[in-house]
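Novice: everything below, folded, please.
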Amino acid sequence: MRLPFPALLTTTAAAGLGLALLAPLTPATGAASTSSSSSTAAAKPRSIAYTQWETGAELRAGARTGTMVLKGRLAVTKAATARRTYAGKSYQVGRWLSPWTPTKFGLTELIASWEATTPGNSWVEIEVRGRTTAGARSSFDVLGRWTSGDSHTKRQTVSGQKDDLASVAVDTWRSNASAGLSSYQLRVSLMRLPGKASPTVDTIGAVASRLPTGDVVESKPGVARGTVLDVPRYSQMVHEGHYPQWGGGGEAWCSPTSTSMVLGYYGALPKPVRYAYLPSDHVDPWVDHAARMTYDTAYDGTGNWPFNTAYAAAQTGGAFVTRLRSMREAERFIAAGIPLVISVAFGSGELTGAPISATDGHLLVVVGFTQSGDVVVNDPASTTRAGVRRTYDRGELENAWLPTTGGTTYVITDAAHPVPDTAHTNW
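Specialist: The predicted structure is shown next:
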């Protein structure tokens, strides 16, 4: 299970971190890799597959009930007959169901991503179910209830769901079957008040994985040696004590701070009118706003991975959660001008030069690489902006990232920076 929020650190100096959105990865001994990449940092295969439905044609490949595809986006039809009562309101419901999506390995974990807009009192719910090679099916499990605002319904996940085949830990769906699951289906429900504006969904996707446990071998430097992107530097710690109702700032806000740094790089921070409610003396007020817009009321934190990418996608036009296999894959994004937010965890002495001595879960931004291949980062756990930019040993950072979170990564893009080398199975 994932650790409770906020994370408990091993030392007082470690109090500058963010969220503990981690759990031990499911072992996958002997899993077959489906990577099309020749680069891997691991001695054992790392099986990862990201699939998404984005275009009108792709969305029409799913089964629709009470929904239509309009200008490449899902929306509720006026004639939708299904109803759902939630928080005392009766909503008109439209649903979309993906095709069964097989993997070439028995998946043990899955994380969904989406891009959605929810005007007024409307919202969306994302669910998943799985199937074994013998044909047994799990129930549908909720991965997130999402709204792009918070004036009406509240963003939340539903932990504790479990049946014979799978369970949910915050935003991660896990197989309970030792052989994993052979395929999955995503279901999206769109809720609106009758006669009011419909929510729309532009993209729905998921990363499925089956990963080995244990340390990894340091990868060799690749195409981004000597490249460092000009990503602005924000400190999460300058927000200490801000807004307890959204996590309280400081150690709790590594994820929205990291997400905001990438948005700042793209010139895609929210307009000042969006955060005009904040005190004028707040430093980097867009970070406070990002914390509000990513806050998971059930988890009681701002580190929910797809909640952060859904917020970012509304600003830049594209974002999703995936898992990478090594820093060599990360280098392909840096070479394409795309900084990455990665989720890490490490013990005392395991990440030289970090502003915190240990962490059960933390988010930071990979912004580049030195000529020798070490990793240049913006680490928001620094107490000052000046200390945010750091260089970490390549092997140490890979071992704080790949064995602990499976290489979990936010990929945030805009129209000028499309994802590179799309033949890869994990993006």
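Novice: so the chain: which segments form each domain?
Specialist: As given by automatic domain parsing, the domain ranges for the chain are 12-23+218-413, 47-210.
Novice: of all these, which lies closest to residue 425?
Specialist: Closest of those to residue 425 is domain 47-210, at 4.8 Å (criterion: Cβ to Cβ). Quick note: C-beta positions are derived from backbone N, CA and C, even for glycine.
Novice: need the distance between the two termini of the closest one.
Specialist: Domain 47-210 has an end-to-end distance of 5 Å (Cα to Cα, to the nearest Å).
Novice: and what of stretch 79-88?
Specialist: End-to-end distance (Cα to Cα), stretch 79-88: 22 Å.
Novice: and the helices in the chain?
Specialist: Assigned by DSSP state H, the chain shows helices spanning 56-60, 254-265, 285-294, 305-316, 327-335, 394-405.
Novice: so for the first one, what gets flagged as buried?
Specialist: Which is helix 56-60. Neighbour counts using 16 or more other Cβ atoms under 10 Å place 58-59 of helix 56-60 among the buried residues.
Novice: before we move on, the earlier item: please work out which of the domains of the chain is packed deepest.
Specialist: Of all the domains of the chain, domain 12-23+218-413 has the most neighbours on average by mean count of other Cβ atoms under 10 Å, namely a mean of 22.
Novice: mean confidence score for that one?
Specialist: Mean pLDDT, domain 12-23+218-413: 94.
Novice: and that domain, how far from the chain's centre?
Specialist: 11 Å (Cα atoms, centre = their mean, to the nearest Å).
Novice: cool, and stretch 195-203?
Specialist: Distance of stretch 195-203 from the chain centroid (Cα atoms, centre = their mean) equals 22 Å.
Novice: can you give me the end-to-end span of that stretch?
Specialist: So stretch 195-203: terminal residues 24 Å apart, Cα to Cα.
Novice: and of the helices of the chain, who's closest to residue 414?
Specialist: Between residue 414 and the helices of the chain, the tightest spacing by Cβ to Cβ is seen for helix 305-316, at 4.3 Å.
Novice: how about the strands in the stretch 201-350 of the chain?
Specialist: 318-323, 340-346 (DSSP state E, counting those that start in this stretch).
Novice: those into TSV, with extra columns for distance to residue 106?
Specialist: Below are the strands of the stretch 201-350 of the chain laid out as TSV (distance: least, Cβ to Cβ, whole Å):
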stretch	distance to residue 106
strand 318-323	16
strand 340-346	23
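Novice: hmm, back to that, distance to residue 206 for the helices of the chain - can I get that in TSV?
Specialist: Listed next are the helices of the chain as TSV, based on distance: least, Cβ to Cβ, whole Å:
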stretch	distance to residue 206
helix 56-60	14
helix 254-265	19
helix 285-294	19
helix 305-316	9
helix 327-335	18
helix 394-405	16
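Novice: for residue 110, which of the ones you listed is the nearest?
Specialist: Nearest to residue 110 among those is helix 305-316; the distance by Cβ to Cβ comes to 11.1 Å.
Novice: so which of the strands of the stretch 201-350 of the chain is nearest residue 381?
Specialist: strand 340-346 (10.6 Å).
Novice: what angle sits between the closest one and helix 394-405?
Specialist: With axes from the mean of the first three to the mean of the last three Cα atoms, to 10 degrees as the basis, strand 340-346 and helix 394-405 are set at 80 degrees to each other.
Novice: format the CA atom coordinates belonging to strand 340-346 as CSV.
Specialist: Coordinates of each C-alpha in strand 340-346 appear next as CSV, following Å, rounded to 0.1, in the frame of the first residue of the first chain:
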residue,chain,number,x,y,z
LEU,A,340,10.6,15.7,-17.2
VAL,A,341,9.1,15.4,-13.7
ILE,A,342,10.2,12.2,-12.1
SER,A,343,9.2,10.5,-8.8
VAL,A,344,12.0,9.2,-6.6
ALA,A,345,12.7,7.8,-3.1
PHE,A,346,16.0,7.2,-1.4
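Novice: so how far is the first residue of stretch 135-151 from its last?
Specialist: End to end - Cα to Cα - stretch 135-151 spans 42 Å.
Novice: figure out which of the domains of the chain is closest to residue 426.
Specialist: Nearest of the domains of the chain to residue 426, taken as Cβ to Cβ: domain 47-210 at 4.1 Å.
Novice: quick check: mean pLDDT of the closest one?
Specialist: 96.
Novice: contact partners for the residue minimising distance to the centre of the chain?
Specialist: Nearest to the mean C-alpha position of the chain, by Cα atoms, centre = their mean, lies residue 305 at 3.0 Å. Residues near residue 305 by Cβ atoms under 8 Å, 6 or more residues apart in numbering: 21, 111, 171, 255, 321, 343, 408, 410.
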